[in-house]
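J.: need the 3D shape of this:
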Amino acid sequence: DRGTFVYVPREKVPPGKKVIKCKWVYKRKPDRYKARLVVKGFMQSPFDYGETYAPVCKLSTIRALLSKAAYKNYDVRQLDIGNAFVEAFLPKGEEVYMDCIPGFEKDGYCIKLVRALYGLKQSPKHWADLLSKTLTDMGYKRANFDSCLYTYKCPKTKREINIACYVDDLLVSGCTEFIDELVATLQKRFTVRDMGEAKTFLGMEIERDRKKRTLTIKQSTYIKNIAEKFDVQNSHKSSIPMDPGYKPTKSDNQSDKNKAENRPDYDMFVTEYRSIIGSCMYAQMLTRPDIAFTVSALSKYLNAPTLTHMKAARKLLTYLYHTHDRGITYGLAQDLTCVGWSDSDYAGDLDTRKSQTGWVFMLNGGAISWCSRQQNCVALSTPEAEYMAVSDAGKEARSLLKLCVDMFDGKQTCISIFEDNKTAEIWTRQTSHQSKTKQIDISYHHIRDEVAKNRIKIAPIASRLNLADALTKALSRGQFEALNDKISGRVLPTYYA
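T.: Have a look, this model is predicted:
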């Protein structure tokens, strides 16, 4: 009925064109059974399609949108577009031929697709282009910071609406009247399900207190599920993700007892280890910055984990399970000023002697962007490691300044980054120390230009108050909880006090 495809005789298929196969995929949803026809896109020839890349909304954008919604007390609604890929037409020049649908065969015929189907390599690209054109034609402005963020602000009433798109899921925040108008317009064009006030999005659980103007995101259900999958519910309770001072290495222990390679089921052992780290990584990316360092440290040994590594991984998962109700709360500060913290752990990797970079950016009292990763080269001193860390944080600050322009009217033109190393702070402002910084790669010196243009300000802070310290090393329980409470929005950092 929608003109998704047409039957054509097989002899009319152009020479050289491949007829690809398809199949039905069945899935049980909480409220219904679902069947979807998918194309076996892996059979496509690379000459049969063009670009395939389709962007999705950044996670930092989603968190910033929710943080702003808490501050402004905006409605947050979730929309789901049904059979999104099928809404997009295949452009001229992209002819795709497919076998007849199982159960609807016609002898001597095959199918020529008119619309994109799930499974085609180019389908996400065509859908993203269609959604972008639809929203821009409706008057929404595409953000410079994130190509999947769309905004509109009425110049007279100053009322606004923000839309974050993640494939076929839309998270909408803003004036109720504008949201209702958006839903009504999209329903005329697509099959749209208005799921009401957003309760979950991409696995994040969203809880709000409209009176206090606070919003909390967490992944309690997801964490419980992975804890049950790996059977850690009855493990001894852990209050920190990694033992303080512990630094994993390739061997950890040379005794035969620790050599997991001697196990007959070593392949399964490696698979389980990778699965645990991957599961924890998804939680870290969305709502759990407190485990960022632990995930980063243990991810370096996915190829050849030892028993000690597995023990540390299961301890991490146990910590997640016993703190599953924790997340990030926005609204305690009631301030839409973006501010960051940067730190490093000098020569923290005992195998390569590379340092660990950690940074976190806060908005409205809660973290919206964070990172914990090993530096690309070996630093020769603590100031050099700190300088490379603050330079890396400066890249994110430059990006977040664009977000401030797109979502917050550009009122903030400079982002402060707190750094606890005085020498590194001086190096960002002065170029007179050539003899001490000549070995640093030129790619790190962009921070000086940003500081000179007054778009980034490097501010001093005491080490015990540096929130990024929790992202560079394993801390004791007291230090870890004090910093994590501030990062997660349960306690205001000194900046907001």
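J.: can you pull the contacts of Asp392?
T.: By CB atoms under 8 Å, 6 or more residues apart in numbering, the contact list for Asp392 reads Ser342, Thr357, Trp359, Cys371, Gln375, Tyr444. Just so you know, the C-beta spots here come from the backbone N, C-alpha and C atoms, and that holds for glycine as well.
J.: try 7 Å this time
T.: Residues counted as contacts of Asp392 (CB atoms under 7 Å, 6 or more residues apart in numbering) are Thr357, Trp359.
J.: distance check, it against Ile426.
T.: Remark: distance between Asp392 and Ile426 (CB to CB, to the nearest Å) = 18 Å.
J.: what do you get for Gln122?
T.: Gln122 is 52 Å from Ile426, where distance means CB to CB.
J.: higher neighbour count, these two?
T.: The residue with more neighbours, out of Gln122 and Ile426, is Gln122; 23 against 14, by other CB atoms under 10 Å.
J.: quick check: next helix or strand after the lengthiest helix in the chain?
T.: In the chain, assigned by DSSP state H, the helix with the most residues is helix 382-407. Per DSSP states H and E, the first helix or strand lying C-terminal to helix 382-407 is strand 415-419.
J.: quick one: mean pLDDT for that next one?
T.: The average pLDDT within strand 415-419 is 96.
J.: now the very next helix or strand once past that strand: buried residues?
T.: Sequence order places helix 422-427 as the next helix or strand after strand 415-419, per DSSP H and E. Across helix 422-427, burial judged by 16 or more other CB atoms under 10 Å covers Thr423, Ala424, Glu425, Trp427.
J.: the third one against Glu419, yeah?
T.: Read that as Glu425. Yes: between Glu425 and Glu419 there is a contact at 5.2 Å, judged by CB atoms under 7 Å.
J.: so what sits against both of the two?
T.: Shared contacts of Glu425 and Glu419, defined by CB under 7 Å, 6+ apart, are found at Ile458, Pro460.
J.: distance between the ends of stretch 159-172?
T.: 14 Å (CA to CA, to the nearest Å).
J.: buried ones in it?
T.: Across stretch 159-172, burial judged by 16+ other CB under 10 Å covers 160-172.
J.: quick one: mean pLDDT over it.
T.: Across stretch 159-172, the average pLDDT comes to 95.
J.: distance between that stretch and the chain's centre?
T.: Averaged C-alpha coordinates place stretch 159-172 at 16 Å from its chain's average position (CA atoms, centre = their mean, to the nearest Å).
J.: give me the contact list for it.
T.: Against stretch 159-172 from outside (CB under 7 Å, 6+ apart): 56-57, 61-62, 65, 76-81, 84, 131, 135, 140, 148-153, 173-175, 178-179, 182, 198, 201-202, 407.
J.: then stretch 55-67?
T.: With CB under 7 Å, 6+ apart as the test, stretch 55-67 has contacts from 76, 128, 146-149, 162, 164-167, 171, 173, 206, 215, 217, 285-286, 330, 363-364, 366, 368-369, 403, 407.
J.: among those residues, which ones are buried?
T.: Among the contacts of stretch 55-67, the ones that count as buried by 16+ other CB under 10 Å are 76, 128, 146, 148-149, 162, 164-167, 171, 173, 206, 215, 217, 286, 330, 363-364, 366, 368-369, 403, 407.
J.: just the residues you listed: which are in strands?
T.: Among the buried ones among the contacts of stretch 55-67, the ones falling in strands (DSSP state E) are 76, 149, 162, 164-166, 171, 173, 206, 215, 217, 330, 363, 366, 368-369.
J.: so for the longest helix of the chain, what gets flagged as buried?
T.: Using 16+ other CB under 10 Å as the test for burial, helix 382-407 gives 382-397, 399-401, 403-407.
J.: show me where the chain has its helices.
T.: For the chain, applying DSSP H gives helices covering 59-72, 123-137, 176-189, 220-229, 266-286, 292-298, 307-322, 382-407, 422-427, 434-437, 446-452, 477-487.
J.: elements contacting the fifth one?
T.: For helix 266-286, the elements it packs on are helix 220-229, helix 292-298, helix 307-322, judged by 3 or more CB pairs under 7 Å, 6 or more residues apart in numbering; DSSP states H and E.
J.: right, so of those, which gets closest to Leu350?
T.: Closest to Leu350 of those, according to CB to CB: helix 292-298, at 10.8 Å.
J.: for the closest one, C-alpha coordinates in PDB please.
T.: The C-alpha trace of helix 292-298 is given here as PDB (Å, rounded to 0.1, in the frame of the first residue of the first chain):
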ATOM      1  CA  ALA A 292      35.400   5.600  34.100                       C
ATOM      2  CA  PHE A 293      39.000   5.000  35.300                       C
ATOM      3  CA  THR A 294      38.400   1.400  36.200                       C
ATOM      4  CA  VAL A 295      36.900   0.600  32.900                       C
ATOM      5  CA  SER A 296      39.700   2.400  31.100                       C
ATOM      6  CA  ALA A 297      42.400   0.500  33.100                       C
ATOM      7  CA  LEU A 298      40.900  -3.000  32.600                       C
END
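J.: which outside residues touch it?
T.: 241-242, 248, 277, 280-281, 284, 309, 312-313, 316, 358, 370, 372-374, 471-474.
J.: how far off centre is it?
T.: With CA atoms, centre = their mean, you get 16 Å for helix 292-298.
J.: and for stretch 202-220?
T.: For stretch 202-220, the distance to the chain centre is 17 Å (CA atoms, centre = their mean).
J.: can you get me the start-to-end distance on that stretch?
T.: Using CA to CA, the two ends of stretch 202-220 sit 13 Å apart.
J.: pLDDT on it, on average?
T.: pLDDT averaged over stretch 202-220 gives 95.
J.: in it, what's buried?
T.: Neighbour counts over stretch 202-220 (16+ other CB under 10 Å) mark Met204, Glu205, Ile206, Arg208, Arg213, Thr214, Leu215, Thr216, Ile217, Lys218, Gln219 as buried.
J.: weakest of the helices of the chain in terms of mean pLDDT?
T.: Among the helices of the chain, helix 434-437 scores lowest, with a mean of 61.
J.: show residues contacting stretch 350-357.
T.: Residues outside stretch 350-357 that contact it (CB under 7 Å, 6+ apart): 247, 249-250, 344-348, 371-375, 378-379, 385, 388-389, 392, 472-473.
J.: same thing with stretch 403-412?
T.: Thr61, Ala64, Lys68, Ala143, Asn144, Phe145, Leu149, Thr151, Asn162, Leu336, Thr337, Cys338.
J.: of those residues, which is the nearest to Glu272?
T.: Thr61 (33.5 Å).
J.: the closest one: neighbour count?
T.: By other CB under 10 Å, 25 other residues sit near Thr61.
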